[in-house]
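>>> I'd like to go over a predicted model; first the sequence, then the structure.
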Amino acid sequence: MVVGEITQERNLIIIGGGPGGYSAAIRGAQLGLSVTLIEQAEMGGVCLNKGCIPSKIFTHAAAKRSETVHVQNLGIGSGDDKFTVSKLLSYKKQVIDGLRTGVEALCKQNKIEVIRGKASFLGVDRIGVENGHQFDIFEFKQAIIATGSYSVMPSYVTEKGKRILLSDEIFELEEIPQHLIVKGQDTIALEVASSFAALGAKVSILTNHKASLPFDESITKELNRLFKRRKIKMYKASGFTSIIETDEGVTLTFLTDKNLEETIQASHLFVSGTRKPNFESLGISRFGIEQTDAGFVDVDKNMQTSIPSIYAIGDVTEGPMLAVKAIKQGKVAVESIVGENPEVDLTFLPIVAHTIPPIVSVGLTEQNARVLGLDVRISQFNLGGNGYATITGKKDGFIKVLSNSTNEIVEGIHMIGEGAIEMSASFVQLLEMAAKEEDIKFPLYAHPGFNEGLLEAVEGLIGQAIHAVPVKKKDLLPI
Amino acid sequence: MLEVKLHDIGEGMTEGEVIQYLVKVGDSVITDQPLVEVGTDKMVAELSSPCSGRVKEISIEPGEIIQVGTTLIYLEADSDVKTEKKPLIEAKQDTKKEIVTPSEQVKKSSATIFHRVLAAPYTRKIARDNNINLEDVRATDPSGRVTEEDVYRFLQGQQTREQTVIDIQQVAVIQEISDEIPFRGIRKKIAEKMTKSLFTIPHVTHFDEINMTNLFKIRQELKLSGESVSVPAFLIKALVISLKDFPIFNAELDEENSRILLKKNYHIGIATNTESGLIVPVIHDVDKKSIKEINKDVKELTERAIAGKLQPFEMKNSTFTVSNVGPLGSTGATPIINYPETALIAFHKTKKRPIVNEQDEIVIGHIMTLSMAFDHRVADGATAVAFTNRFASLIEQPHKLIMEMI
């Protein structure tokens, strides 16, 4: 295009070094491709630097602090649960730096070329990378767009100072808010509410009166109960009247679901907000790349866009904006580039919240079964009946199973309770394998352990859980 | 030099026909200027210029069928790198005023749970690698779980079938000279769909007559007041109202999972005759639209269907299809259902006939016949008759339509 330009040739170029991008890069290297990765900020993307990892450092700290009383019962410690935010922040930095170094080392060991700079497409096989005064042009065989998403303030927040926080700011706070209002009902909002309450803040949650939490309805009920016990106040709002932020705090006036005006004063306001796909600055729209109605890059099952040389993965494509999806799509894109025949199927994507206790919801929920008019068996095993839960002082929560009452195939598994995140591996495997009730009842389960809860939940489908109150026959009827 | 290639415009298209070039070699072009018209099996699309510059070479002749990825035009871009890399960030204003964050994930999972594949991931991989749709494989397990063995058995069966087809073809050596029409594109898609529908669904068709006299009167009155609304708009409105009362006809049989899915959306397909064949544009969410809006949609979609300018999403997700053959003539038919839907109605020509009115006088009435084909696996004749009775009552006494307005 420009006379005298030097175009460097590359094989596979990946734009974005988040979990999707770097997984794609490493899988590409494993499959024998020479891979170039372009990153404009830090390796690890939002997930490692501002999202999943920082938030989990806070939820982990909160879970630990909530154990103080129990640990004291075991004769350990003096019950002093003094908490120092600055220490946690330096621990956070240490963890993130460590993980990032790990990712960078992996890229190096896999001989992945990492280029720093801002990428923009110059053609369907050409990309420019700008870094300060330098501008390099690369020609590629294939490119993968893995540029993720950015957080957007909801429209009702017109301006904000330091007391209104988005998900990438709250885990930078140098003090625990005296009173934190959490606005939202997604998993990140619930995690923020749960952990900041455990870390000592007064917390109020404000949810949209029409929206429901993304889990099975029984989990929502249990979570509400546990939040109430922990003095987390829950409000349902149908709209905002005003949000006033001063140097001292935030005053929020809203309409309740009964259309009454109510005002809360707090020191901080957290809004989970929304996220938007981040690809406009790549200039790819000019080359006729197809977009979905919702404004994401349209991809086929191999993550290929309408431009055959260009693939897209992660948050720039439609679907839940989760690292787990990006990682899978990244691998699938590269595998299909080398001619393999992979697939992404998000049917049994586990929905996870690191609350206290943690939550996992996979597959069919009771409310879905009702809407679809499906004939299902439902059983809920309370962890109060699990021996190991008693030992560890984690008796809150349950495991709930739904199965098809004609063919006994398990349709959904949901858990709120200690160990839910790790247990979810069994849940997704059972669902992907199209397991039947017997497939779960037959194996032997480590005793004592939370895992026995899954067995008992399935046994409960026909009223045969050992550690549960016997059910009356009529309760076993399908819904 | 920039290459303009044929890319997949949607629905996994693999080839397209070059219809005509809108530029010639040497022409200066600007970004987004249409360069060439390409016809796919469903639509005609324009490929536009990715940059400004000059047409250097045209490499494919009009009329040729080419594969996706083939280069059509070589462009010499005249913009320099500096302008090319100008970031195109446009701050999009979020216009939503209310705090609406409906739980996207719940919606997602209820949508995806329909498409659950009852097979272990390894079995699914074997099917993928052999290009088999698992839904076509019969499970030996009565609960519908497909095993590795089922896939291999299916694969073997398929191979034997292919073998026989070849044998027959070898025997039937063409002896006569005939005119040839290429069997591909829309024609081939229609053939595939019809075969699948007729071989899968046990069709039943029942006929009925509807007195359109009152509706015609209302139309006439509206026309005099300056509002011209076509008959199909009324028919479609009445249809959706009837579907709400008889949801079984707005449904899809999911045999694999032994369930019938009653659709909550009312997306009505309009079978449309075009020069290249039958196309079914879809009016989405008819239940949320007024007769006036439906009228506008029918008009626009039909025009664009005929012009070959429909977008892929405008031909997707119909839950029930109507075929308005009246304007073409005909008094009856046994139409084929738009698979995987449950039913289809064809509206035939309205004719003047002597009818007996409530005062036992013979008067002139406008009578339309309709043919309704339905899936006998899903519904029975009595229900279908009750359904068309309800429909007929809404058309014969159009004031009833008002009762159903939202």
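Everything's here; your move. Numbers count the residues shown, from 1 in each chain, chains lettered A, B, ... in the order given.
>>> low-confidence bits of chain B, can you list those?
Confidence mapping of chain B against pLDDT under 70 gives the ranges B:8-13, B:41-42, B:78-115, B:159-177, B:406.
>>> ok, now which ones touch residue 366?
Unless you meant another one, I'm taking chain A. A:216, A:217, A:218, A:378, A:400, A:402, A:479 (CB atoms under 8 Å, 6 or more residues apart in numbering or on different chains). Placement of C-beta: from N, CA and C, glycine included.
>>> please refer instead to chain B.
Going by CB under 8 Å, 6+ apart, residue B:366 touches B:211, B:212, B:213, B:216, B:350, B:351, B:352, B:353.
>>> likewise for residue A:415?
Residue A:415 touches A:219, A:359, A:360, A:361, A:397, A:398, A:399, A:400, A:423, A:424, A:427, A:453, counting by CB under 8 Å, 6+ apart.
>>> tell me who's in contact with the closest residue to chain B within the stretch 301-450 of chain A.
Nearest residue of the stretch 301-450 of chain A to chain B (CB to the nearest CB) works out as residue A:407 at 3.3 Å. By CB under 8 Å, 6+ apart, residue A:407 lies in contact with A:436, B:142, B:143, B:144, B:258.
>>> adding neighbour count, secondary structure and distance to residue A:274, write the residues you listed out as TSV.
Shown next, in TSV, are the contacts of residue A:407 (neighbours: other CB atoms under 10 Å in any protein chain shown; DSSP: H, G, I helix; E, B strand; the rest coil; distance: CB to CB, whole Å):
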residue	neighbour count	secondary structure	distance to residue A:274
A:436	20	strand	40
B:142	9	coil	46
B:143	15	coil	41
B:144	18	coil	39
B:258	14	coil	39
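>>> stretch B:319-337 and chain A in contact?
No: residues of stretch B:319-337 are not located near chain A by CB under 8 Å from any CB of the partner chain, the shortest gap being 15.4 Å.
>>> run the chain-centre distance for that stretch.
Mean-position distance between stretch B:319-337 and its chain equals 15 Å (CA atoms, centre = their mean, to the nearest Å).
>>> between the two ends of that stretch, how far is it?
For stretch B:319-337, the first-to-last residue distance is 11 Å (CA to CA, to the nearest Å).
>>> wasn't residue A:453 part of a strand?
No: assigned with DSSP: H, G, I helix; E, B strand; the rest coil, residue A:453 falls outside any strand and is helix.
>>> enumerate every residue touching it.
A:381, A:383, A:386, A:389, A:398, A:399, A:415, A:417, A:423.
>>> among those residues, which ones are in strands?
Those of the contacts of residue A:453 mapping onto strands are A:381, A:398, A:399, A:415, per DSSP state E.
>>> now which of the contacts of residue A:366 would you call buried?
Neighbour counting by 16 or more other CB atoms under 10 Å in any protein chain shown classes A:216, A:217, A:218, A:378, A:400, A:402 among the contacts of residue A:366 as buried.
>>> just to revisit the earlier point, and which of the ones in strands among the contacts of residue A:453 is nearest residue A:287?
residue A:415 (45.6 Å; CB to CB).
>>> for residue 244, helix, strand, or coil?
Using chain A here. Classification of residue A:244 by three-state DSSP places it in strand.
>>> list the contacts for it?
Contacts of residue A:244 (CB under 8 Å, 6+ apart): A:250, A:251, A:252.
>>> JSON lines please, covering the residues you listed and showing distance to residue B:269.
As requested, those are exported to JSON lines (distance: CB to CB, whole Å):
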{"residue": "A:250", "distance to residue B:269": "51"}
{"residue": "A:251", "distance to residue B:269": "53"}
{"residue": "A:252", "distance to residue B:269": "48"}
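>>> select from these every entry located in helices.
In helices, judged by DSSP state H, none of the contacts of residue A:244 are found.
>>> only whichever of these are buried, select them in ChimeraX.
To isolate the buried members of these in ChimeraX, using 16+ other CB under 10 Å:
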select /A:250,251,252
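>>> so which of the contacts of residue A:244 comes closest to chain B?
residue A:252 (11.5 Å).
>>> test my guess that that closest one contacts residue A:263.
Yes: counting by CB atoms under 8 Å, residue A:263 is a contact partner of residue A:252 at 6.9 Å.
>>> wait, what's in contact with residue 386?
Reading this off chain A. Residue A:386 touches A:395, A:448, A:450, A:452, A:453, A:456, A:467, counting by CB under 8 Å, 6+ apart.
>>> oops, chain B please
By CB under 8 Å, 6+ apart, the contact set of residue B:386 is residue B:246.
>>> so it: helix, strand or coil?
helix.
>>> also residue B:272?
Under three-state DSSP, residue B:272 comes out as strand.
>>> before we move on, what about residue A:103?
helix.
>>> can you tell me how far it is from chain B?
Separation of residue A:103 from chain B (CB to the nearest CB, to the nearest Å): 27 Å.
>>> for the stretch 301-406 of chain B, what lies in contact range of chain A?
residue B:313.
>>> what sits closest to the residue in the stretch 301-406 of chain B that chain A sits nearest to if chain neighbours are left out?
Nearest residue of the stretch 301-406 of chain B to chain A, counting by CB to the nearest CB: residue B:313, 6.9 Å away. Of all residues beyond its chain neighbours, the one nearest residue B:313 is residue A:293 (6.9 Å), with distances taken as CB to CB, 6 or more residues apart in numbering or on different chains.
>>> so residue A:254 makes contact with residue A:239?
Yes: assessed by CB under 8 Å, residue A:254 is found in contact with residue A:239 at 6.6 Å.
>>> and the residue in the stretch 201-350 of chain A that chain B sits nearest to, what pLDDT?
Across the stretch 201-350 of chain A, the shortest distance to chain B (CB to the nearest CB) belongs to residue A:214, at 3.8 Å. Per-residue pLDDT puts residue A:214 at 90.
>>> retrieve the pLDDT associated with the spatially most central residue of chain A.
In chain A, the centroid-proximal residue (CA atoms, centre = their mean) is residue A:322; its distance is 5.1 Å. On pLDDT, residue A:322 comes in at 94.
>>> kind regards, and thank you for your time.
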